[in-house]
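S.K.: Generate a structure from the sequence data that follows.
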Amino acid sequence: MQRMTDQEFYEFYGRMPRRSDPKKKKKKVKVYWGRIIAALIVLLLMILGIVKLVKFIAGKKKGGEEPSVTSSAVDKTAANAANAANEQSADAGNNESAAAEKSIGLTVCIDAAHGGFDKGTQNDEGRCEKDDTLRIAQSIKAYLESCGVKVVMTRTDDNFIDMDQRCNTANEQKADVTISIHRSSTEISSSDIHGFEAYVHTSVPAADKAFAEKIMSKLEEVGISENKGVHAGYPYDNTVNYPINQNVKMPSVLLDMGFLTSSIDNQLLDANIDAYSSAIGNAIIETATELGVIDASGTRLAADQLLSDKPAPAAPAPAEPAADTSSQAESSQAEDTSSQTETEPSYDYEGETQQGYDEQWQEDQGYEQNDENYEDYGVVTGYSTDPMMTE
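M.R.: Model prediction:
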């Protein structure tokens with residue numbers, strides 16, 4: 001191919017051709033790797049310097065010096081780990097010692113009334129006394145145990161435990177005090193009866209009364225609808241004792257924690273159950289201290305179990321031969337018999353254990369524990385209707 005001359009190019013394109021100066025070399029794009037590497041090194045040094053500065057300042061604030069990174073760092077870390085393990089072991093030992101120091105030389109029996117087929121009292125919404133008493137008893141137990149007190153429970157679940165067993169538990173475990181948890185009720189519809197109250201033996205023993213009054217005082221400090229006081233015997237009859245107060249050897253208090261038929265008492269109990277439990281627990285510990293059972297640190301002072309000065313339970317009277325009946329006695333007996341119903345026979349509780357009484361009643365009624373009517377026993381003749389049985 002023939003190259004165009006400059007003249008021909010001019011004539012064809014109207015301008016002279018542009019040619020590079022053969023003396024000038026084409027410029028190449030040069031990458032300054034050295035500068036880039038230098039800049040990266042400077043940046044890395046700046047970062048390291050900042051880190052060092054931060055560590056130095058932190059060390060100064062703590063009053064220490066900046067630790068140097070040496071080959072012994074790993075050894076120091078291992079040593080620190082060993083020291084930490086030793087410290088944890090020492091802490092564990094200290095915790096055990098603290099727990100031992102917190103131990104209180106006191107044994108308390110808590111009786112959650114009712115249970116199983118014996119529902120206790122109920123309200124219109126179906127709330128049962130047996131459920132409330134167990135819940136309260138477990139809360140008191142938890143608090144007392146957190147204080148280092150030994151706690152014995154007459155029941156820990158929804159089972160029926162007769163009164164002989166409950167009293168035997170307290171006596172055999174040599175408790176220093178027994179508290180039986182209950183709730184009151186009223187059959188008066190639309191009534192506003194409410195309040196907490198306590199019951200002790202009819203002889204009003206000094207120790208029993210001291211525990212009861214302290215408990216009521218502590219509960220009032222937390223806040224209850226009404227302090228109805230400490231009473232002797234049984235409601236409406238101060239000559240009759242609750243079996244729990246009659247048959248345990250140590251001071252005992254039957255505590256009615258509000259009326260289950262009162263919405264006020266129910267709301268207060270649900271909102272303050274933990275506070276009530278700690279109040280009861282503190283009252284027991286403080287009273288035991290005041291009575292000289294333990295000292296202020298919880299160390300046991302009394303050599304033996306704390307006993308109440310109430311009269312011992314009367315021994316069962318021997319059976320007497322049947323006396324001749326006169327016409328007047330026969331007519332009186334006939335009159336008494338006519339007032340009885342077939343479904344609720346009358347029994348003389350004197351000389352009978354509660355268990356024997358219960359079994360005899362069930363046998364006469366033909367009830368077995370798996371009968372559908374067996375639950376009625378707790379309603380018909382249960383603790384809520386017979387003053388000789390726990391309400």
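S.K.: can you list the weak-confidence ranges in the stretch 101-250 of the chain?
M.R.: Along the stretch 101-250 of the chain, the model assigns pLDDT under 70 to residues 101, 190.
S.K.: ok, 80 please
M.R.: Where the stretch 101-250 of the chain drops to pLDDT under 80, the residues are 101-102, 188-191.
S.K.: Return the residues in contact with the residue nearest to residue 204 when sequence neighbours are not counted.
M.R.: What sits nearest to residue 204 in space, not counting adjacent residues and going by Cβ to Cβ, 6 or more residues apart in numbering, is residue 232, at 5.0 Å. Quick note: C-beta positions are derived from backbone N, CA and C, even for glycine. Taking Cβ atoms under 8 Å, 6 or more residues apart in numbering, we find residue 232 in contact with 199, 200, 201, 202, 203, 204, 238.
S.K.: of all those, which comes closest to residue 289?
M.R.: Of all the contacts of residue 232, residue 200 has the smallest distance to residue 289: 19.7 Å, by Cβ to Cβ.
S.K.: what's across from that closest one in the sheet?
M.R.: residue 232 (DSSP bridges).
S.K.: Residue 179 now?
M.R.: Counting by DSSP bridges, the residues bridging with residue 179 are residue 110, residue 253.
S.K.: roughly how far apart are it and residue 167?
M.R.: Per Cβ to Cβ, to the nearest Å, residue 179 is found 13 Å from residue 167.
S.K.: One more: residue 297?
M.R.: As for residue 297, its distance to residue 167 is 32 Å (criterion: Cβ to Cβ).
S.K.: The two: which is more packed in?
M.R.: Shown here are residue 297 and residue 167; by other Cβ atoms under 10 Å, residue 167 has more neighbours (24 against 11).
S.K.: Can you name the residues that contact the residue nearest to that one when sequence neighbours are not counted?
M.R.: Spatial nearest neighbour of residue 167, chain neighbours left out: residue 247 (4.1 Å); criterion: Cβ to Cβ, 6+ apart. By Cβ under 8 Å, 6+ apart, the contact set of residue 247 is 163, 164, 167, 171, 313.
S.K.: thought the first one was touching residue 243?
M.R.: Spelled out, it's residue 163. Yes: shown here, residue 163 and residue 243 form a contact pair, counting by Cβ atoms under 8 Å, at 4.4 Å.
S.K.: Can you select the buried ones among the contacts of residue 247 for me in PyMOL?
M.R.: To isolate the buried members of these in PyMOL, using 16 or more other Cβ atoms under 10 Å:
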select buried, resi 163+167+171
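S.K.: got CSV for the contacts of residue 247, with distance to residue 49 and secondary structure too?
M.R.: Shown next, in CSV, are the contacts of residue 247 (distance: Cβ to Cβ, whole Å; DSSP: H, G, I helix; E, B strand; the rest coil):
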residue, distance to residue 49, secondary structure
163, 84, helix
164, 85, helix
167, 82, helix
171, 80, helix
313, 89, coil
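S.K.: for the contacts of residue 247, which one is nearest residue 266?
M.R.: Closest approach to residue 266 among these (Cβ to Cβ): residue 163, at 26.4 Å.
S.K.: ok, now how distant is the closest one from residue 306?
M.R.: Distance of residue 163 to residue 306, computed by Cβ to Cβ: 21 Å.
S.K.: Tell me how far the residue nearest to residue 204 lies from residue 54.
M.R.: Taking Cβ to Cβ as the measure, residue 232 falls 76 Å from residue 54.
S.K.: pretty sure residue 267 belongs to a helix, no?
M.R.: Yes: under DSSP: H, G, I helix; E, B strand; the rest coil, residue 267 falls within a helix.
S.K.: Give me the neighbour count for it.
M.R.: 12.
S.K.: And for residue 153?
M.R.: Using other Cβ under 10 Å, residue 153 has 19 other residues around it.
S.K.: Now do the SS call for residue 197.
M.R.: strand.
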